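# need a 3D model of the sequence below.
(one chain, ligands or ions: 1)
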Amino acid sequence: MRMVLLTLATLAAFAWAADGVLTRMTRAWFVRDVELRSELAVNGARQALVAHWQAKDTAGLVSVLEEITRDERIQGAAACADDGTTLASTSAYPSEFPCRLIAARLRAERAGASWSTTADLSSGPVHVNVTRLSDGSRALGTVVVVHDLSFAQRRADKTRTLLLAAFGILGGTFTLVTVLGARISWLSWTRELRRILRGHEHKPEYQPLMRDVRDLVQRLTAETDLEHGGGAWTPQRLKETLARNLHGERVVIVANREPYIHEHTDGGIIVRHPASGLVTALEPVMRACSGVWVAHGSGSADRETADAQGRVKVPPGEESYVVRRVWLSAEEGSGYYYGFSNEGLWPLCHLAHSRPLFRREDWDHYRAVNQRFADAVCEEVDADDPIILVQDYHFALAPKLIRERLPRATILTFWHIPWPGAERFGICPFREEIVEGLLGSSIVGFHTQQHCNNFLEAVDTYIESRIDRENNAVVQGGRSTLVRPYPISVEWPIHWLREVPPVPACRAQLRKELGLAPDALLGVGVDRLDYTKGIEERLLAVERLLEQEPALRGKFTFVQLSAPSRTRIRSYRDLASQVEAEAARINDRFAQGTWQPIRLMHTHHEPPEVFRALRAADVCYVSSLHDGMNLVAKEFVAARDDEQGVLVLSHFTGASRDLTEALIVNPYDLDEAAAALAAALRMPKDEQRERMRAMRALVSEFNVYRWAGRMLVDAARLRRKERFNGRLRSTQAGERTRAS
Ligand code: F6P
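Take a look at the predicted model:
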């Protein structure tokens, strides 16, 4: 195609140049022709002209001149004396060439001989030929013959049309021949390739070539899917990607937290949406892909809203996929979720100065629950090679357990929290089993390359395996596990925003509810009440801000929305009281009348309330001490369709790698954080817009559909490779049997 366009462009340039040259050449020929005709006409009448001139016979001169102009292309003729007098002229002689002009030019140029010129008159182009006349001994004057040149113009136009038509035909023929040629050679090439692949599939000497070709085709297909598959990533595009690459096979997700929790309340059963980054990201993906989400049924009304197998169709009113609830006893929940997951792995993986606790009985529950979930997954699949998405640190052992029952499954495991360095990870007494469990996956994904590197380092340090550094994969017993960074994101646009008023209304509502002036400055923080989120450091930064900027006292309020979380764990309960104590101290210090700098809202907030706060904020401060990604930062960006508001973001979040236009701070450095908050509150609207626009462009492009799409496309590629390798192995085994 590119070659055809290039050739057509060359032909067009050539036609354009040829047209110019040809027009000039044909005009020169015609002018020369006309010149000769004029000279011929005057020479033919020379004798008669001289005779009438000498006899001063004007009527005779006119009749000779009329005779000359009988040539239809000669417009007029005149006889001029050297002093500029017109002796005679024909009736149609153009007034633009009076004899005085001819004489003046003769004098100016001291021209003794004849000369000619061309001119464009309003009637059209003309050629003027001036011939000197003498009686043999003395000059008599000049004869002027004016030729109509418009015929030359007409001929030049006709020539140009013919020329362009010729180039057009040439170009068309060339394009046709090239396209046909390319098509025929592509067809014969692919036919030949297919023949080779089919005919020599089993010949060992062709196998490396075949593998390369297949890999190449798959890679190109996958890349086309990701980069050029049709603009923005939407649920529809994700669905199509799934259909194209994985033949629409249904997806089974296993995650501890369920997306819809049924709870008993005084007003009856309600549906709650948990405060969870994992749910925020995966729920839209499930709505797009359908399938089954296997999760812990933790709501007080979960059992009565599910069927006998624990299944319930969701989202309520839309019912596009199924949640399969797994019931856990109090001991199981306590050992697996509170114990090993959140008192062991959570502090192990986060650098937030909380000591991990590894109890043998918690570990036993963790193993048993992983087995229960793996069994539930196997009950939900509808093929022997399903696609299973294992989510988070609650299920490190599940990939291996599933693989034991479904060796051909494609298992994508995503670790939503950081993975620590090998030395730190090494303090876990069950480190080998955890890594082995994860290596049951086809792909293990993390938010950042750093976490991938840490994981590979742990594998290298604690496990017998080969690390394929070129492909970032771990090879064990002939099977590979790819280790890849997939920075998670949010849906775009966020469907909850349909239920939230526009920014000005959110600003006005929240300020009114808090008893603040309509123009009060507002900072917002939104988190689960977790010690990794740096909530105390956030409040201390607000305190430092008010110390350094007294003008903000009475004007700036920081609202902290904290969802209670893991409250059975002592460190979480302690955190809640520490945060409350800190807020009370700061409020006591700066309170003015009814104004208090910090407003704590320690309760669960449904997503529309969270988004209303994010829209109402002048500044959102995400101060995590360590965070895999932190989707609140991306939600803030997604909520701000007014392109205003400033994000102050901890350097220790995965999100800080993506949202580089935020004000990035070290949350431990209170001076730096306070200075960033002050800068945010002072930031001109234009700068806010510029930063917010850039971040919105990034989040909209790299949204959660793209995140899921990338993983699924990578899985599809791996799956094809494994199927092919499986076929190859069985063929080789067959050949060996035949040979023996
Ligand atoms: O954001 C990290 C994360 O562990 C998610 O993976 C999880 O869903 C979320 O925190 C909430 O935790 P929990 O489900 O224990 O309330």
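# tell me how many other residues surround Asp530.
Asp530: 23 surrounding residues under other C-beta atoms under 10 Å. (C-beta placed from N, C-alpha, C; glycine too.)
# nope, Leu539 is what I was after
When neighbours are counted by other C-beta under 10 Å, Leu539 registers 24.
# the ligand contacts on this protein?
Taking C-beta under 6 Å from any ligand atom, the part of the chain that reaches the ligand is made up of 256-257, 276-278, 392, 416-417, 528, 565-566.
# mind redoing it with 5 Å?
Within the chain, the positions near the ligand by C-beta under 5 Å from any ligand atom are 257, 276-278, 392, 416.
# who wins on neighbours among the residues you listed?
Neighbour counts for the residues of the chain next to the ligand peak at His416, which has 24 neighbours (criterion: other C-beta under 10 Å).
# pretty sure that residue sits in a strand.
No. Per DSSP: H, G, I helix; E, B strand; the rest coil, His416 lies outside any strand segment and is coil.
# show me what the helix or strand Val179 falls within is packed up against.
Using DSSP states H and E, Val179 sits in helix 150-199. With contacts defined as 3 or more C-beta pairs under 8 Å, 6 or more residues apart in numbering; DSSP states H and E, helix 150-199 has these neighbours: helix 2-44, strand 124-134, helix 207-228.
# and these, which one's lowest on average pLDDT?
In terms of average pLDDT, helix 207-228 trails the rest of the helices and strands packed on helix 150-199, at a mean of 54.
# name the next helix or strand downstream of it, please.
Following helix 207-228 in sequence order, the next helix or strand is helix 235-246 (DSSP H and E).
# now that next one: average pLDDT?
87.
# next one: stretch 83-96
The model assigns stretch 83-96 a mean pLDDT of 90.
# for stretch 520-535, same thing?
98.
# for that stretch, measure first residue to last.
22 Å (C-alpha to C-alpha, to the nearest Å).
# next one: stretch 243-255
23 Å.
# and it, what's buried?
Under the neighbour-count criterion of 16 or more other C-beta atoms under 10 Å, stretch 243-255 has 245-246, 249-255 buried.
# repeat for stretch 25-33
Here stretch 25-33 shows 26-27, 30-31 as buried, counting by 16+ other C-beta under 10 Å.
# can you give me the helices for the stretch 501-650 of the chain?
Assignment of helices within the stretch 501-650 of the chain using DSSP state H, counting those that start in this stretch yields the ranges 503-513, 535-548, 570-590, 607-616, 631-639.
# what's the last one in contact with?
Which is helix 631-639. 277, 280-281, 488-490, 492-494, 497, 500, 526-527, 610-611, 614-615, 617, 620, 622, 645, 647, 649, 653, 655, 658-659, 662, 692, 695-696, 699-700 (C-beta atoms under 8 Å, 6 or more residues apart in numbering).
# count of neighbours near the closest residue to the ligand within the stretch 101-250 of the chain?
Closest residue of the stretch 101-250 of the chain to the ligand, C-beta to the nearest ligand atom: Leu238 (20.8 Å). Using other C-beta under 10 Å, Leu238 has 23 neighbouring residues.
# Thr280 versus that one, what's the distance?
From Leu238 over to Thr280 the distance is 16 Å, taken as C-beta to C-beta, to the nearest Å.
# again with Glu35
88 Å.
# between these two, which is the more surrounded one?
Using other C-beta under 10 Å as the criterion, Glu35 and Thr280 rank with Thr280 on top: 24 against 18.
# the more buried one belongs to a strand, doesn't it?
No. Using three-state DSSP, the assignment for Thr280 is helix, not a strand.
# from here on, call the first residue 497.
Fine by me, first position is 497 from now on; the one you just mentioned is Thr776.
# now do the same contact list for it.
With C-beta under 8 Å, 6+ apart as the criterion, the residues that contact Thr776 are 986, 1127, 1131.
# let's see 7 Å
For Thr776, the contact set (C-beta atoms under 7 Å, 6 or more residues apart in numbering) comprises 986, 1127.
# which stretches of the stretch 897-1046 of the chain form strands?
Per DSSP state E, counting those that start in this stretch, the stretch 897-1046 of the chain carries strands over the ranges 906-910, 939-942, 962-964, 969-972, 975-981, 1017-1024.
# redo the ones you listed as JSON lines? Include mean neighbour count and distance to Pro811.
Shown next, in JSON lines, are the strands of the stretch 897-1046 of the chain (neighbours: other C-beta atoms under 10 Å; distance: least, C-beta to C-beta, whole Å):
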{"stretch": "strand 906-910", "mean neighbour count": "26", "distance to Pro811": "22"}
{"stretch": "strand 939-942", "mean neighbour count": "26", "distance to Pro811": "25"}
{"stretch": "strand 962-964", "mean neighbour count": "14", "distance to Pro811": "41"}
{"stretch": "strand 969-972", "mean neighbour count": "18", "distance to Pro811": "37"}
{"stretch": "strand 975-981", "mean neighbour count": "20", "distance to Pro811": "29"}
{"stretch": "strand 1017-1024", "mean neighbour count": "23", "distance to Pro811": "22"}
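# format those as JSON lines; extra columns: distance to Leu897.
Output for those, formatted as JSON lines (distance: least, C-beta to C-beta, whole Å):
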{"stretch": "strand 906-910", "distance to Leu897": "10"}
{"stretch": "strand 939-942", "distance to Leu897": "15"}
{"stretch": "strand 962-964", "distance to Leu897": "23"}
{"stretch": "strand 969-972", "distance to Leu897": "16"}
{"stretch": "strand 975-981", "distance to Leu897": "15"}
{"stretch": "strand 1017-1024", "distance to Leu897": "28"}
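# closest one to Leu658 among those?
Shortest distance between Leu658 and the strands of the stretch 897-1046 of the chain, using C-beta to C-beta, is found for strand 975-981: 62.9 Å.
# give me the contact list for the closest one.
935, 937-945, 948, 951-952, 964, 967-970, 1210, 1214.
# redo that, cut-off 8 Å
The set of residues external to strand 975-981 that reach it, using C-beta under 8 Å, 6+ apart, is 934-945, 947-948, 951-952, 964, 967-970, 1207, 1210, 1214.
# sitting in helices, which of the residues you listed do you find?
If you go by DSSP state H, the contacts of strand 975-981 have 934, 945, 947-948, 951-952, 1207, 1210, 1214 in helices.
# quick check, pLDDT for the nearest residue to Asp1137 once chain neighbours are set aside.
Leaving out its chain neighbours, the residue that sits closest to Asp1137 by C-beta to C-beta, 6 or more residues apart in numbering is Val999, at 7.2 Å. Listed pLDDT for Val999 reads 98.
# wait, Val999 sits on Ala1109?
No. The pair Val999 and Ala1109 does not pass the contact test of C-beta atoms under 8 Å, sitting 11.7 Å apart.
# who's more crowded, the two?
A count of neighbours by other C-beta under 10 Å puts Ala1109 above the other of Val999 and Ala1109, at 23 against 20.
# contacts only, for that one.
Applying C-beta under 8 Å, 6+ apart to Ala1109 gives the contacts 1002, 1006, 1020, 1022, 1055, 1057, 1101.
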